[in-house]
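Peer 1: turn this into a structure:
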Amino acid sequence: MDTELTTEALPPAANSDGPASSRSLSLRGLFARVPWLPLLTVIIPTATSATYYGVYASDVFISESHFIVRSAHKQAPTGFSAFFQGTGLSRSTDDTYTLHDYMKSRDAMARLDGAKSLREVFGSTSVDRVARFDGFRLDASQESLFKFYQKMINVEFDTTTGISALKVHAFNAEDARRMNEQLLQMGEALVNELNERARKDTIDFAQREVALAEGKSREAAAALSAYRNENAVLDPEKQGAMQLQGLSKLQDELIATTVQITQVKTLSPDNPQLPALQKRLASIQGAIAGETSKVVGGRASLSEKAAEYERVAMDRVFAEKQLATALASLEQARADAQRKQLYLERIAQPSLPDVGLEPRRVRSVFATLFVGLLAWGILGMLVAGVREHRD
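Peer 2: Coordinates of the predicted model:
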């Protein structure tokens, strides 16, 4: 009887930390009663991963090349680009991104597909079903091929040096190198096309400006010629200067004749030369009045014609200067067209890999094991919590 009482009295004293002990026993009991949990989360995935990567996974070869896109235009040197500026080179970042986008575009894929079917390259039966394109015959559409192509083509850009790295993945080393080489050639063709389009646009614009300036120059010359014919004037300024010189001579003759008449009247009032001198004086005065009216005065005077003539002449001078500027721009455009504006320079040629760098088999197996252990622990705690809640 005493033994039974002692046994009954012990549990309360021993259960001072009862919850923790109970939880520990429940967790161990859980793992004992749920043997499938580590099997599903750790053992089977790790074994499957080891089998796939160790036996079935196909090698992926990576061909790598390096290039830089530079421009002949001078830009303000900043940072590392100052080195290129000092050697006559100038990085062209915007065009580099354009080239990157093209290499991963549908157009580039279509050209590669024309050279050798990408479905044959990426979907060869010699490649394991998991890695190859449409290995399980689920989606063989062009869009699916394009998404697969983008995963196999990688272009990286170093903003510090301006160097781009093109990496092409394939299940055959020669296919990887060939596609890398073709992408570089297509990139060079795109750069040349951009150059040609820029040269054509520049020269066409300059030629249109020259044609427009020539038309304006011809119109201005025709307007000046018409004005001269209509107003019977060659150059009002020069003609006015000549008439003023003639008027000055007439003024001198007028003065001389007036003095002579005064002398004759003083010395011999009845001199028979006096009437002739007076007629000459009147003739000179009439000539002076006529010449003066030609220079200044009415609407037919040179002073009135000079203002309109200057406007027409200035139009012609401006048109000639505009034509000269347009011709100079055309010559400059042609000079710029003689050299390429953009250059794709290869720094490293496409490599021919002799070993597959992917998949990384050991790392992938250990990653599967780590994820499985993590899932086992999380799911185990969740199931333990559920069972403890039920109890």
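Peer 1: can you list the buried residues in whichever strand or helix holds Leu379?
Peer 2: If you go by DSSP states H and E, Leu379 is part of helix 361-390. Buried residues in helix 361-390, counting neighbours by 16 or more other CB atoms under 10 Å, are found at 361, 364-365, 368-369, 372, 375-376, 380, 383-384. Every residue, glycine included, has its C-beta placed from N, CA and C.
Peer 1: now do stretch 100-118
Peer 2: Neighbour-count burial for stretch 100-118 [16+ other CB under 10 Å]: 100, 102-104, 108-109, 112-113, 118.
Peer 1: so which of the residues you listed is the closest to Leu39?
Peer 2: Nearest to Leu39 among the buried residues of stretch 100-118, counting by CB to CB, is Leu118 at 40.7 Å.
Peer 1: dump the residue contacts of the closest one.
Peer 2: Contact analysis of Leu118 by CB atoms under 8 Å, 6 or more residues apart in numbering lists 109, 112, 133, 145, 149.
Peer 1: from Gly380, how far off is the nearest residue to Trp376 once chain neighbours are set aside?
Peer 2: Excluding its sequence neighbours, the residue lying closest to Trp376 (CB to CB, 6 or more residues apart in numbering) is Thr41, at 4.2 Å. Distance, Thr41 to Gly380, using CB to CB, to the nearest Å: 9 Å.
Peer 1: also Arg363?
Peer 2: To Gly380, Arg363 is 26 Å away according to CB to CB.
Peer 1: likewise Glu143?
Peer 2: The gap separating Glu143 from Gly380 is 42 Å, by CB to CB.
Peer 1: follow-up on the earlier one: which one of the buried residues of helix 361-390 sits closest to Lys200?
Peer 2: Nearest to Lys200, judged by CB to CB, of the buried residues of helix 361-390 is Ser364 at 52.3 Å.
Peer 1: if you skip the residues just before and after it, what's nearest to that closest one?
Peer 2: Sequence neighbours aside, Tyr53 is the residue nearest to Ser364 in space, at 5.3 Å (criterion: CB to CB, 6+ apart).
Peer 1: for Phe148, list the residues it contacts.
Peer 2: Listed by CB under 8 Å, 6+ apart, the contact set of Phe148 reads 122, 133.
Peer 1: pLDDT value on the residue nearest to Ser364, please?
Peer 2: Looking at Tyr53, its pLDDT is 83.
Peer 1: any idea how far Ala131 is from it?
Peer 2: According to CB to CB, Tyr53 stands 11 Å off from Ala131.
Peer 1: compute the number of surrounding residues for Leu327.
Peer 2: Applying other CB atoms under 10 Å, we find 15 residues neighbouring Leu327.
Peer 1: if we can go back for a sec, contact partners for the residue nearest to Ser364?
Peer 2: By CB under 8 Å, 6+ apart, the contact set of Tyr53 is 359, 361, 364-365.
Peer 1: quick one: the strands in the stretch 151-300 of the chain?
Peer 2: Ranges of strands in the stretch 151-300 of the chain, per DSSP state E, counting those that start in this stretch, are 153-157, 164-170.
Peer 1: from the contact counts, what lies against the first one?
Peer 2: Contacts defined by 3 or more CB pairs under 8 Å, 6 or more residues apart in numbering; DSSP states H and E place strand 153-157 against helix 93-103, strand 164-170.
Peer 1: next, the buried residues of that strand.
Peer 2: By 16+ other CB under 10 Å, the buried positions in strand 153-157 come out as 153, 155.
Peer 1: who's in contact with that strand?
Peer 2: 96-97, 100, 103-104, 163-169, 179, 183.
Peer 1: buried subset of those as a PyMOL selection?
Peer 2: In PyMOL, this line selects whichever of the contacts of strand 153-157 come out buried by 16+ other CB under 10 Å:
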select buried, resi 96+100+103+104+163+164+166+167+168+169+179+183
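Peer 1: tabulate the contacts of strand 153-157 (CSV), appending distance to Ala206.
Peer 2: Converted to CSV, these look like this (distance: CB to CB, whole Å):
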residue, distance to Ala206
Thr96, 28
Tyr97, 29
His100, 32
Met103, 33
Lys104, 36
Ile163, 35
Ser164, 33
Ala165, 39
Leu166, 36
Lys167, 42
Val168, 41
His169, 46
Met179, 40
Leu183, 35
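Peer 1: got a list of what Val191 touches?
Peer 2: Val191 sits next to 69, 95, 99, 340, 342-344 when contact means CB under 8 Å, 6+ apart.
Peer 1: for the helix holding Leu379, name the packing helices and strands.
Peer 2: Helix 361-390 is packed against helix 18-33, helix 36-38, helix 44-51, with contacts defined by 3+ CB pairs under 8 Å, 6+ apart.
Peer 1: next, the buried residues of the second one.
Peer 2: Yep, that's helix 36-38 we're talking about. For helix 36-38, the neighbour count (16+ other CB under 10 Å) marks 37-38 as buried.
Peer 1: who's in contact with that helix?
Peer 2: For helix 36-38, the surrounding residues in contact (CB under 8 Å, 6+ apart) are 31, 376, 379-380, 383.
Peer 1: with pLDDT and distance to Ala282 as added columns, please give the buried residues of stretch 100-118 in a markdown table.
Peer 2: Below are the buried residues of stretch 100-118 laid out as a markdown table (pLDDT from 0 to 100; distance: CB to CB, whole Å):
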| residue | pLDDT | distance to Ala282 |
| --- | --- | --- |
| His100 | 92 | 96 |
| Tyr102 | 93 | 94 |
| Met103 | 93 | 98 |
| Lys104 | 93 | 100 |
| Ala108 | 92 | 99 |
| Met109 | 92 | 103 |
| Leu112 | 88 | 104 |
| Asp113 | 84 | 105 |
| Leu118 | 88 | 109 |
